[in-house]
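Asks: show me the folded form of this:
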Amino acid sequence: MDDLVKLLSADLDYESHEISGDKLYIRVKSNRKEPECPYCGKRSTSVHSRYERSFSDLPIQGKKVTILLENRKYFCKNHNCEHKTFAETFDCLPFKGKRSKRLTEAIIEVSLNVSSVNAASTLRRGTADVGKSTICSLLKKGLSN
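Replies: Modelled structure (predicted):
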């Protein structure tokens, strides 16, 4: 399972998983020793706190996947930085995102040639729980980039 998690991000390590109905919950945590402040670029090792963050990813073996990430918040060591603390960020996940970038791309790909109602219905059957308004928002964002 760690190999599958590494496909999402090399900065994540597999901890455990649980299957419940049609859902697969995968618990992961960061393996970084000194993450960078996203605001100033200074590295830090001083952990402020930890919290659980969850997001959806592509399905595995017909199971909808939810990643449960133990995210860490750090003190920024740069006294000139406007931010005293920062949370770890990952390339696979947009800032404050609830879906991995690759799941968002899959949703957009399915939704391009059908109505948002049909796309939502198709996606709910095995990919992700997503509504038609979310699909419309993703398409607007995706087409404007």
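
Asks: domain assignment for this protein?
Replies: Domain assignment of the chain by automatic domain parsing yields the ranges 1-92, 99-145.

Asks: average pLDDT for the last one?
Replies: Along domain 99-145, the predicted confidence averages to a pLDDT of 89.

Asks: and for the first one?
Replies: Confidence over domain 1-92 (mean pLDDT, whole number) is 95.

Asks: off-centre distance for that domain?
Replies: Distance of domain 1-92 from the chain centroid (C-alpha atoms, centre = their mean, to the nearest Å) equals 8 Å.

Asks: which positions in the helix ranked longest in the chain come out as buried?
Replies: Of all the segments of type helix in the chain, defined by DSSP state H, the longest one is helix 132-144. Across helix 132-144, burial judged by 16 or more other C-beta atoms under 10 Å covers 134-135, 138-139. In this view, the C-beta of every residue, glycine as well, is placed from N, C-alpha and C.

Asks: for it, packing partners?
Replies: Using 3 or more C-beta pairs under 8 Å, 6 or more residues apart in numbering; DSSP states H and E, the elements in contact with helix 132-144 are helix 101-111, helix 116-124.

Asks: CSV for these, including mean neighbour count and distance to Phe95?
Replies: Conversion of the helices and strands packed on helix 132-144 to CSV gives the following (neighbours: other C-beta atoms under 10 Å; distance: least, C-beta to C-beta, whole Å):
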stretch, mean neighbour count, distance to Phe95
helix 101-111, 18, 11
helix 116-124, 17, 23
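
Asks: any chance of those in JSON lines, plus distance to Leu12?
Replies: Output for those, formatted as JSON lines (distance: least, C-beta to C-beta, whole Å):
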{"stretch": "helix 101-111", "distance to Leu12": "14"}
{"stretch": "helix 116-124", "distance to Leu12": "24"}
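
Asks: okay, now stretch 126-135: how far is its last residue from its first?
Replies: Between the start and the finish of stretch 126-135 there is a gap of 16 Å, counting by C-alpha to C-alpha, to the nearest Å.

Asks: can you give me the strands in the protein?
Replies: With DSSP state E as the criterion, the chain has strands at 12-20, 23-30, 47-60, 63-75, 85-87.
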